[in-house]
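[1] Quick one, structure for this:
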Amino acid sequence: MYIKKLSREKQYLAFLQMAGWYEERKVDVSDYQTEAYNRYIKLTTKALNFIEEFTGLEPYIQFTYKDAGDEIFYDFDFNLNVEEASKCYSTKDYHAISKFAKEKCLCLGTLGYYYPGVLAISETGRLYLKHDYNDFVKEFLSMTEIIASELKTCDDLTAIRVAK
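    The predicted structure is shown next:
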């Protein structure tokens, strides 16, 4: 899908749409609810709404941008599912998120450009992303904020596609 002529915000929405997102999307989150219950995490409606809307998307999207040339596609992962999340609970990244957030967090999986990071959501619905190559935990309020942060060094986005 050609996205060069779209505004940055619309490009981020195109990433989500390519991954299967649409407005008012709601998927079954009973596995996440069970995980939260087992970890004594009480999720607010805001947190549950985010999980319903953004988990279970197509996990691997690719994109290209002007500086990379039209033939080079880079990976962007939306690997947000309970199976991926369960691998992250024992990582240093998840523990750094838990310490930083100062409230209980449910791991959602991995997300990001090139080297995906661990994504977690707090009981109150704040989003936290931590990459193993960076000492900092980043805090976000929306999925488009996360995408914008991940792609901040990729000027002039040109095209996106589902990974082959």
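[2] Distance check, the most centrally placed residue in the chain against residue 131.
    Central residue check for the chain by C-alpha atoms, centre = their mean: the C-alpha nearest the mean position is that of residue 111, 4.0 Å away. Distance of residue 111 to residue 131, given as C-beta to C-beta, to the nearest Å: 10 Å. All C-beta spots, glycine's among them, are computed from the backbone N, C-alpha and C.
[3] returning to that earlier point: the strand or helix carrying the residue nearest to the centre of the chain pairs with which strands?
    Using DSSP states H and E, residue 111 sits in strand 105-113. Partners of strand 105-113 in the sheet, by DSSP bridges, are strand 74-79 (antiparallel), strand 117-122 (antiparallel).
[4] name the helices or strands packed onto the next helix-or-strand element following the last one?
    The one in question is strand 117-122. On the C-terminal side of strand 117-122, the closest following helix or strand by DSSP H and E is strand 127-130. The contact analysis (3 or more C-beta pairs under 8 Å, 6 or more residues apart in numbering; DSSP states H and E) places strand 127-130 against helix 92-101, strand 105-113, strand 117-122, strand 137-140, helix 143-150.
[5] what's strand 127-130 in contact with?
    50, 93-94, 96-97, 100-101, 105, 111-112, 117-122, 136-143, 145-146, 149 (C-beta atoms under 8 Å, 6 or more residues apart in numbering).
[6] And it, what's buried?
    The neighbour-count criterion (16 or more other C-beta atoms under 10 Å) identifies 127-130 as the buried residues of strand 127-130.
[7] circling back: who does the residue nearest to the centre of the chain bridge with?
    When assigned by DSSP bridges, residue 111 has beta-bridge partners residue 78, residue 117.
[8] where does it land on pLDDT?
    Confidence at residue 111, expressed as pLDDT, is 94.
[9] pretty sure it contacts residue 77?
    Yes. Between residue 111 and residue 77 there is a contact at 5.9 Å, judged by C-beta atoms under 8 Å.
[10] okay if I get the helices and strands packed on strand 127-130 as JSON lines plus distance to residue 156?
    Below are these laid out as JSON lines (distance: least, C-beta to C-beta, whole Å):
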{"stretch": "helix 92-101", "distance to residue 156": "30"}
{"stretch": "strand 105-113", "distance to residue 156": "15"}
{"stretch": "strand 117-122", "distance to residue 156": "24"}
{"stretch": "strand 137-140", "distance to residue 156": "23"}
{"stretch": "helix 143-150", "distance to residue 156": "15"}
